[in-house]
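1. the amino acid sequence is not available; the structure is as follows:
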Ligand code: SF4
Ligand code: SF4
């Protein structure tokens, strides 16, 4: 490896930069090394112009007009680009929604008394959500309600109904618009299945029709699978309330047994958390010479534990290999999504045990322990015991924890915000009307080795809060701004005078942690609540979305459901669509006339902030508010 690398250009995060040097010294290969070897990437694929849907191909369209302009079947650039994008949305929607289904199955098992280790933590939310599904909730026991709710939610995955239940949360204008366009989501699985059907060779060959179905498919995620995932997680594990914690690789402890949980679904990690608190296992850790057991998170499984229990967060997507390179991790337990298959190779350089837990997510080099609601607590205790016993295999001389952790605040569910505001969103609306808060932006999404880690998220967040625009963020974006110190109440001094005074009076940071990737629906719910209170559509609000460092198909689905819900959304990396100018024009301009919002692509976060500020000013003006 080249020792002359300038790691300052890889990341703005100090822990990442120091760990990259360490990885080089330890000959540990990282995602950046593999990215460098893959560069330059295939131009056809980057433009969305390659198709391998059938074996008459694979086919490629020449973007310069000199070579083939059609695949073997006759599909042109517009069709191929739209089909590829449609399949990305389908994969993203499927990932979120299947995550939601797993949670509903746990809820069902809890109701049946077959899930030791799980219980109903928020019976009030259970009642409220059940009532939305038309389930009698007032005079009944929580477990009876839970059984009916699990059944009703499972039906949302099928095709029995013409519309998903939680779509009713959207403003009436938005629902009417979806109905007129024929994109009201019906069944969660149905829309994904139909997208795979439409994109089979010889089915939907109208690129506009394909993209419209892409919006419906994404809506089935945003107002369906992801919304169910968030609601059921709150019901089972508790609705998040603000809590202090810490972030970055400094949360790993040299004198403790360190266990990392990574992935997305809290089903496994919630039981690991319980096992880590076991007096018997803590005593065992002390017997083995450790000061105790330290559980920390990565990516969105980490976000789930962080926002509900204040469990510290070791890092976001690009930190996952580097956290193992500290040599201080006894065990990493993964569930699914965003877990790089290369990660076990890093673990193999150290003493770390790698454990996979889901039958649908197995990895080379990991020991597989399959979790089910029935056996989860028992398995969790067994795994924590193994991690404690593994402490003896740690080589102290190889341990390197390069930084001190940064304090942060998490747990801003809508319920928490409404509580802080005294019981309704009216004070927030008043602050927006007065201009103290000019608008709100959801910054979401991943890290991507094509982009300097965290630079997009943090720069954009700083510019927005300086302009009195409240930022709510999720997923790896939320971790980035926390590492940069934006998630403590003291960070209010970085905000403009209006936002600063609101934050200081409430004792909150100017950048609010809204949770994990599926929790982007909390942003939809907040937008719907504001729009409903004001009697306008979501597209009328001074709000926007941004995904400055996205990489994943799930982010494509999120972006599509944001836009289809009326939220202007700015992407950092360009999606693979530039092979079709028609598709680019529809997504960045034409959708304004269809759903009242569109995408923009702006890799420079300084310029993205200007675009968003202009958008918010225009929306304020249209509402008759000061700019
Ligand atoms: S679907 Fe058409 S463009 Fe795609 S691989 Fe088959 S023949 Fe080629
Ligand atoms: S934000 Fe992106 S990289 Fe991070 S956990 Fe979510 S999908 Fe994965």
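-> Received, thanks. Because the structure is predicted, anything quoted here is derived from the model rather than measured. Residues are numbered from 1 along each chain as shown. Ligands and ions are numbered 1, 2, ... in the order given.
2. which element is the residue nearest to residue 253 when sequence neighbours are not counted on?
-> Nearest residue to residue 253, sequence neighbours excluded (CB to CB, 6 or more residues apart in numbering): residue 294, at 4.7 Å. For the C-beta atoms, the positions are set from N, CA and C on the backbone; glycine is no exception. Using DSSP states H and E, residue 294 sits in strand 293-298.
3. now residue 521
-> helix 520-534.
4. quick one: is the next helix or strand after that helix near ligand 2?
-> Next helix or strand after helix 520-534 toward the C-terminus (DSSP H and E): strand 543-547. No: contact of strand 543-547 with ligand 2 (CB under 6 Å from any ligand atom) is absent, the minimum separation being 8.7 Å.
5. contact partners of strand 543-547?
-> The contact list for strand 543-547, computed with CB atoms under 8 Å, 6 or more residues apart in numbering, reads 439-446, 460, 477, 523, 527, 530, 555, 558-559, 562, 567-572, 608, 612, 615-616, 619.
6. pLDDT weak spots in the chain?
-> 1-4, 159-160 (pLDDT under 70).
7. need the residues of it near ligand 1, please.
-> Within the chain, the residues that sit near ligand 1 (CB under 6 Å from any ligand atom) are 51-54, 56-59, 71-73, 75, 80, 201.
8. farthest pair in those?
-> 56 and 80 (13.2 Å; CB to CB).
9. nearest to ligand 1: which residue in the stretch 501-627 of the chain?
-> residue 579 (12.3 Å; CB to the nearest ligand atom).
10. tell me the contacts of that residue?
-> Applying CB under 8 Å, 6+ apart, the residues near residue 579 are 44, 47-49, 61, 63, 77, 80-81.
11. any idea how far it lies from ligand 2?
-> 24 Å (CB to the nearest ligand atom, to the nearest Å).
12. which of the helices or strands spans that residue?
-> Since the elements are taken from DSSP H and E, residue 579 ends up inside neither a helix nor a strand.
13. and the residue nearest the centre of the chain, how far from ligand 2?
-> What sits nearest the mean C-alpha location of the chain, by CA atoms, centre = their mean, is residue 517, with 1.6 Å. To ligand 2, residue 517 is 4 Å away according to CB to the nearest ligand atom.
14. burial of residue 397, as a residue count?
-> If you count neighbours by other CB atoms under 10 Å, residue 397 ends up with 7.
15. which parts of the stretch 151-300 of the chain are strands?
-> 243-247, 257-262, 293-298 (DSSP state E, counting those that start in this stretch).
16. got the angle between the first one and strand 293-298?
-> Between the axes of strand 243-247 and strand 293-298, defined by axes from the mean of the first three to the mean of the last three CA atoms, to 10 degrees, the angle is 80 degrees.
17. check which helices and strands strand 243-247 is in contact with.
-> helix 299-309, strand 313-315, strand 406-410, helix 475-483 (3 or more CB pairs under 8 Å, 6 or more residues apart in numbering; DSSP states H and E).
18. can I get those in TSV including mean neighbour count?
-> Listed next are the helices and strands packed on strand 243-247 as TSV, based on neighbours: other CB atoms under 10 Å:
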stretch	mean neighbour count
helix 299-309	29
strand 313-315	31
strand 406-410	23
helix 475-483	32
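19. hmm, back to that, are any of the residues of the chain next to ligand 1 buried, and which?
-> 51, 53, 57, 59, 71, 73, 75, 80, 201 (16 or more other CB atoms under 10 Å).
20. now, which of those residues lie within helices?
-> With DSSP state H as the criterion, helices contain residue 80 from among those.
21. just to revisit the earlier point, buried sites along the helix holding residue 521?
-> Judged by neighbour count using 16+ other CB under 10 Å, the buried positions of helix 520-534 are 520-532, 534.
22. what's the closest of those residues to residue 304?
-> Out of these, the member with the shortest distance to residue 304 (by CB to CB) is residue 522, at 12.7 Å.
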